[in-house]
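Asks: sequence and predicted structure, then a few things I'm wondering about:
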Amino acid sequence: MNDLLNERIRRKLDVMPDEQAYQVLDYIEFLESKYSQRAAGAPAFQKVAETLEDTMRAGRVPITIIRGTMDAVGKAGRFLEGLAAAGKAAVDEAKKKQVDKQVEETKPPQ
């Protein structure tokens, strides 16, 4: 999708009430199934959140409850992403220190 079309759709969705936005989502998913198109794979946590959201919608949970739940799930997802990034940074730093130590040990004495 080109950037202009993407932005035009995003502007319209941004002002749309959640109930209508869910109708748009349903239509997009209908088109995907009709034309056998698969959306790009979402990260694992995103898939879990989408499944939860779809289950709540199928159970006819009120939109306000779904919105609040998904806001909480989104915050949890951002927290987990930050935690994963911090863990990766710690591992990268430990690897760097190990490499630096090995380089020091291989230097000839002066």
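Replies: Now that the structure is in, tell me what you want to look at.
Asks: spatially nearest residue to residue 52, not counting backbone neighbours?
Replies: residue 73 (6.6 Å; CB to CB, 6 or more residues apart in numbering). C-beta here means a position set from N, CA and C on the backbone, and glycine is covered the same way.
Asks: can you check the pLDDT for that neighbour?
Replies: If you check residue 73, the pLDDT there is 89.
Asks: ok, and it, which helix or strand is that part of?
Replies: Assigned by DSSP states H and E, residue 73 falls within helix 63-106.
Asks: show me what that helix is packed against.
Replies: In terms of contacts (3 or more CB pairs under 8 Å, 6 or more residues apart in numbering; DSSP states H and E), helix 63-106 is packed against helix 18-34, helix 44-58.
Asks: any weak-confidence spans in the protein?
Replies: Within the chain, the segments meeting pLDDT under 70 span 37-42, 110.
Asks: residue contacts, the residue positioned nearest the centre of it?
Replies: In the chain, the residue lying closest to the centroid (CA atoms, centre = their mean) is residue 46, at 4.7 Å. Contacts for residue 46 (CB atoms under 8 Å, 6 or more residues apart in numbering) come out as residue 77.
Asks: ok, residue 22 touching residue 60?
Replies: No - using CB atoms under 8 Å, residue 22 is not in contact with residue 60; the gap is 11.7 Å.
Asks: in terms of neighbours, single out the busier of those two.
Replies: Of the pair residue 22 and residue 60, residue 22 is the one with more neighbours under other CB atoms under 10 Å, namely 16 against 6.
Asks: how does this structure divide into domains?
Replies: Domains of the chain are assigned by automatic domain parsing as 1-39, 42-110.
Asks: gap between the shortest one and the chain center?
Replies: Computed by CA atoms, centre = their mean, to the nearest Å, the separation of domain 1-39 from the middle of its chain amounts to 17 Å.
Asks: give me the buried positions along that domain.
Replies: For domain 1-39, burial by neighbour count (16 or more other CB atoms under 10 Å) applies to residue 22.
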